[in-house]
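Undergrad: Quick check, what structure comes out for this input:
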Amino acid sequence: MTEINWKQVEEWDKKYILRTFSTQEEYQPIPIESTDGDYLIMPDGTRLLDCFNQLYCVNAGQKNEKINNAIKEALDRYGFLQDAYTTDYKARAAKLIIEDVLGNESWPGKVRFVSTGSEAVETALMIAKLYKSRPLVVTREYAYHGWTKGSSIVTRLKGSKSGVTESVPSTRPQHVPGNDSGVVAVAPSPNCMRCSLGHKYGSCHDENGELACVKYTRRMIENQGPEQVAAVITEVTQGAGSVHPPEEYIPQIRQMTKDLDVLWIADEVLTGFGRTGEWFAYQHYGVEPDIVAMAKGISSSAIPAGAVVVNKEIAEFMDQYRWETVSTYSGHPIAMAAVCANLDYILEGNLVEKAKQVGDYFEQKLLGLKEKHCCIGKVAGYGVLWLVELVKDDKMTPFVEIDRNFTHEADPTTFPSNIVRAKAIEKGVLIGGVMPNTLRIGTSLNVTKEDIDKAVDALDYALTYLESHLLQTS
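TA: Numbers count the residues shown, from 1 in each chain. The predicted structure is shown next:
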């Protein structure tokens, strides 16, 4: 292998690449020489345990041999074929999803492959509006569904809507002009810790047991007119927004959409393909969606790939028409080879069940930290996706008051999630979160208990620092 001049690499990186998440002045390169399993390896050989699992997307682990070999084999056969042609990889990938992954469910009809999660959401929204011939989509507070135009409209995190912000705290974000021009309504998030409707969980149910946030969503759709609403789109567990719903929320949302004759789109881009200890997060709740958007774990992100699965009725509807959509890389044979190998690997290794068992261990260790650290207000999650809420006191007061409504002009050095990240890295662990007060923890499905212990020990160390420096001055 050719020796890499990393000083030159960093110089080119700083000089020629448009930055995200930081200004050019703030930016500091973080060079990674290679990856391995759940680890990132720096040029000096330092191994970092990655509890971000990058963007919570490397389900089968980094540099997976089976997936890599499938990609190499496909490269020996293909360069590029557009989606109008048939390949064995694309046909088998569809069969694996419909029959092997979802074969015990009655709803799945057909698959449309795309390249990214944002594109999957765009496609799901387009299909829903075409099928229902209705203009309106309902999304939720703190939703993250992507950054392209349609998916950005249903994204409701102020700091993640494709705009720009300065680094001066007093400035306001500059949003993309006209980017919010789509027809969308925003429902409450099931954030029971800090309910935007002012309720406390346990006393927020009506006489029929319906949650206040679900009732509000129902009334909002009724007020708009259900005949105007094509779909409700939800992440099952909100990813970037970092909200895990109460047990009854998803079943009630699904029942509500059925009652009102509105489609339910489950955005499983982050939660899909075993991350939660089920193939898809909706399966924890005994419900079936109309449309599922998926990406990330579909190929363990070895090659960009995404997909939309629609129910049988929608598939039959779409089969009657010429669908005038073209995406250059949809069904790319190399990507489809990666999807097949990834799904084979997960199936053969029974990794979904393994993630479920590992999740029990993760929960036990995180609840142990909660007993030890007063700054942990809540632990929630499943499988290899966990959320840890950080609080100042037993009243669940957030360290950063603006919480999930922050934008990037806020001072990130004050965010407890970033303070934890900076301290945990001293122990060789990458752990933190997008939200100021919330840690979001994820690994591959086949993470070892030893690495979970390493992550929890680093988190223990970082939380001890957080409490000693922030709580005594709060």
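
Undergrad: Domain-wise, how is the chain divided?
TA: With domains defined by automatic domain parsing, the chain comprises 6-63+350-473, 65-348.

Undergrad: And for the nearest residue to residue 274 once chain neighbours are set aside, the neighbour number?
TA: The shortest distance from residue 274 to any non-neighbouring residue, by C-beta to C-beta, 6 or more residues apart in numbering, is to residue 352 (4.1 Å). Glycine gets a C-beta too; all of them are placed from N, C-alpha and C. When neighbours are counted by other C-beta atoms under 10 Å, residue 352 registers 22.

Undergrad: and if you look at residue 326?
TA: 9.

Undergrad: Repeat that for the one 10 residues further on.
TA: Residues contacting residue 336 under the criterion other C-beta under 10 Å number 27.

Undergrad: if I've got this straight, it is in a helix?
TA: Yes. When DSSP: H, G, I helix; E, B strand; the rest coil is applied, residue 336 is found to be in a helix.

Undergrad: quick one: it and residue 81, what's the gap?
TA: As for residue 336, its distance to residue 81 is 10 Å (criterion: C-beta to C-beta, to the nearest Å).

Undergrad: average pLDDT for stretch 461-474?
TA: What stretch 461-474 shows for mean pLDDT is 84.

Undergrad: Can you name the residues that contact the residue nearest to the spatial centre of the chain?
TA: The centre of the chain sits closest to residue 270, judged by C-alpha atoms, centre = their mean, with a distance of 3.1 Å. For residue 270, the contact set (C-beta atoms under 8 Å, 6 or more residues apart in numbering) comprises 55, 56, 57, 117, 235, 237, 239, 296, 385.

Undergrad: Can I get whichever strand or helix holds the first one as PDB, trimmed to CA atoms?
TA: In this assignment (DSSP states H and E), residue 55 forms part of helix 53-56. These are the backbone C-alpha positions of helix 53-56, laid out as PDB (Å, rounded to 0.1, in the frame of the first residue of the first chain):
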ATOM      1  CA  ASN A  53     -21.700   3.600  14.600                       C
ATOM      2  CA  GLN A  54     -20.900   6.500  12.200                       C
ATOM      3  CA  LEU A  55     -24.500   7.700  11.500                       C
ATOM      4  CA  TYR A  56     -26.000   4.600  13.200                       C
END
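
Undergrad: picking that back up, the residue nearest to the centre of the chain - that's part of a helix, no?
TA: No. Counting by three-state DSSP, residue 270 is not found in a helix; it is coil.

Undergrad: wait, the residue nearest to residue 274 sits on residue 445?
TA: Yes. Using C-beta atoms under 8 Å, residue 352 is in contact with residue 445, at 7.1 Å.

Undergrad: Pull up the overlap in contacts between those two.
TA: Joint contacts of residue 352 and residue 445 (C-beta under 8 Å, 6+ apart) are 274, 346.

Undergrad: Show me what the strand or helix carrying residue 67 is packed up against.
TA: Assigned by DSSP H and E, residue 67 belongs to helix 65-77. Helices and strands touching helix 65-77, by 3 or more C-beta pairs under 8 Å, 6 or more residues apart in numbering; DSSP states H and E, are helix 333-348.

Undergrad: After the helix it packs on, which helix or strand is next?
TA: By DSSP H and E, the next helix or strand past helix 333-348 is helix 351-372.

Undergrad: which other residues reach that following helix?
TA: 59-60, 274-279, 345-346, 376, 379, 381-384, 386, 388, 441, 445-447, 449, 452-453, 456, 459-460, 463.

Undergrad: Among those, which are located in helices?
TA: 345, 346, 449, 452, 453, 456, 459, 460, 463 (DSSP state H).

Undergrad: Need those in a markdown table (columns: neighbour count and distance to residue 37).
TA: Conversion of those to a markdown table gives the following (neighbours: other C-beta atoms under 10 Å; distance: C-beta to C-beta, whole Å):
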| residue | neighbour count | distance to residue 37 |
| --- | --- | --- |
| 345 | 21 | 13 |
| 346 | 25 | 15 |
| 449 | 12 | 14 |
| 452 | 22 | 13 |
| 453 | 12 | 15 |
| 456 | 21 | 18 |
| 459 | 26 | 20 |
| 460 | 17 | 23 |
| 463 | 25 | 25 |
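
Undergrad: which ones are touching the nearest residue to residue 391 once chain neighbours are set aside?
TA: Computed as C-beta to C-beta, 6+ apart, the closest residue to residue 391 that is not its neighbour in sequence is residue 377, at 3.6 Å. The neighbourhood of residue 377, defined by C-beta under 8 Å, 6+ apart, consists of 193, 389, 390, 391, 396.

Undergrad: Give me the pLDDT for the second one.
TA: For residue 389, the pLDDT comes out at 98.

Undergrad: could you dump stretch 191-211 to CSV, C-alpha only?
TA: What follows is stretch 191-211, C-alpha atoms only, in CSV (Å, rounded to 0.1, in the frame of the first residue of the first chain):
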residue,chain,number,x,y,z
ASN,A,191,-41.6,13.3,24.2
CYS,A,192,-43.0,12.3,27.6
MET,A,193,-40.0,13.8,29.4
ARG,A,194,-40.8,17.3,28.2
CYS,A,195,-44.3,17.2,26.7
SER,A,196,-45.0,20.2,24.5
LEU,A,197,-48.7,19.9,25.4
GLY,A,198,-47.9,20.3,29.1
HIS,A,199,-48.9,16.9,30.2
LYS,A,200,-47.3,14.3,32.5
TYR,A,201,-47.2,10.7,31.3
GLY,A,202,-49.6,8.6,33.3
SER,A,203,-52.2,11.3,33.4
CYS,A,204,-52.4,12.2,29.7
HIS,A,205,-54.8,9.5,28.5
ASP,A,206,-58.5,10.2,27.8
GLU,A,207,-61.3,7.9,28.9
ASN,A,208,-60.5,5.5,26.0
GLY,A,209,-56.8,5.4,26.9
GLU,A,210,-55.7,7.6,23.9
LEU,A,211,-52.6,9.6,24.6
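
Undergrad: in that stretch, what counts as buried?
TA: 191, 192, 193, 195, 199, 204, 205, 210, 211 (16 or more other C-beta atoms under 10 Å).

Undergrad: residues in contact with the first one?
TA: It refers to residue 191. Contacts of residue 191 (C-beta under 8 Å, 6+ apart): 141, 142, 243, 404.

Undergrad: do the fourth one as well
TA: With contacts taken as C-beta under 8 Å, 6+ apart, residue 195 has the following neighbours: 188, 201, 204, 212, 213.
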